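**Student:** Fold the following and give me the result.
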Amino acid sequence: MNYIKNKIQVVKAVSMVTYKEWSAYRTHSMVSIFVGPVYFMVQYFIWKAVYSGNSVLNGMELSQILTYFGVTALIGYLTMDFADWNLQMLVRTGKFLTFALRPVHHRFFALSQKIGHRILGLLFEFLPCLFIFVFIFKVNMIPASPGWTVLSIVLAFLMNFYLNYIIGLTAFWLVQSTSIRRVYQLLLGIFSGGLIPLVFFPVYLQKLLFFLPFQYVSYVPTMVFTGKYSLAGIKMGIPEIVGIQAAAVLLAALASEAVYRASMKRFTGVGA
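**Tutor:** Below you'll find the predicted structure:
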């Protein structure tokens with residue numbers, strides 16, 4: 001019990017400090033409010049042209065597509081992560097040594113930072129954009145299953161963090177892992193469903209994506225929001241796909257720990 005209380009106190013302290021630190025630059029967050037709506041408008045004109053003369057494509061109506069991109073934009077505000085960049089910076093500058101000497105696991109510290117950072121995103125990015133989508137664009141933002149949707153977004157939050165943390169750990173081998181980060185972000189942007197719903201990809205690629213972690217960051221929580229999930233011809237109930245998402249997050253967490261331990265064997269702290 002004391003162990004859990006201590007962890008909760010660490011999360012509170014670190015997330016609050018991070019929130020206060022980044023709130024000094026809240027104008028930056030507020031500027032990013034325009035990213036979601038502008039992205040949505042671009043998608044609106046593109047898909048309106050694609051659906052010209054068609055009522056349904058790949059099982060999705062135009063209204064469903066618009067809801068899809070509105071939801072993905074909002075989820076992106078809640079799950080955005082910078083663990084890979086931050087970890088690379090700490091390794092490159094040697095500042096990781098100070099974290100290695102602390103009694104708190106750096107991954108837990110980084111997760112606590114992300115919580116504080118995304119609380120700020122919730123207030124200054126998510127809520128204003130939700131208002132814009134609902135009252136200006138008239139997009140339906142009522143989830144089919146609110147409870148399952150919240151759970152799926154939390155799991156997407158964790159999945160994005162663990163994947164980014166693993167990418168950041170490559171800095172222990174490469175020092176400068178910018179190229180890997182860029183490749184990963186490209187793959188994530190395409191295969192997470194952020195740019196196009198995964199059901200529009202060829203069936204053989206959908207089958208591959210079903211076994212990759214990318215869909216759990218954006219596509220799955222968006223489908224949970226709509227109340228229907230299908231990929232590569234596989235249709236699942238919401239509880240089933242959220243259960244699989246939870247299992248995938250657990251595997252990602254175990255993988256990050258394995259890579260972290262391997263990284264620590266390569267770590268040398270001069271002056272410690």
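
**Student:** How is Gly193 assigned, secondary-structure-wise?
**Tutor:** Going by DSSP: H, G, I helix; E, B strand; the rest coil, the secondary structure assigned to Gly193 is coil.

**Student:** Quick check: nearest residue in space to it, chain neighbours excluded?
**Tutor:** Residue nearest to Gly193 in three dimensions, not counting chain neighbours: Tyr219, with 3.1 Å by CB to CB, 6 or more residues apart in numbering. From N, CA and C alone the C-beta is placed, and that goes for glycine too.

**Student:** Do I have it right that the one you found meets Gly189?
**Tutor:** No. Using CB atoms under 8 Å, Tyr219 is not in contact with Gly189; the gap is 11.9 Å.

**Student:** Tell me which of those two has more neighbours.
**Tutor:** Neighbours per residue (other CB atoms under 10 Å) separate Tyr219 from Gly189, with Tyr219 holding more: 25 against 14.

**Student:** hmm, back to that, do you know the pLDDT at the residue nearest to Gly193?
**Tutor:** Looking at Tyr219, its pLDDT is 97.

**Student:** List the contacts of Ile180.
**Tutor:** The neighbours of Ile180, taking CB atoms under 8 Å, 6 or more residues apart in numbering as the test, are 167, 170, 174.

**Student:** mean confidence for the helix or strand hosting Ala246?
**Tutor:** Applying DSSP states H and E as the criterion places Ala246 in helix 238-266. Helix 238-266 carries an average pLDDT of 95.

**Student:** so where's the stretch 51-200 of the chain shaky on pLDDT?
**Tutor:** When residues are selected by pLDDT under 70, those of the stretch 51-200 of the chain lie in 175.

**Student:** repeat that with 90
**Tutor:** Within the stretch 51-200 of the chain, the stretches falling below the threshold (pLDDT under 90) are 52-64, 66, 81-104, 117, 120-121, 123-125, 136-140, 171-181, 194-195.
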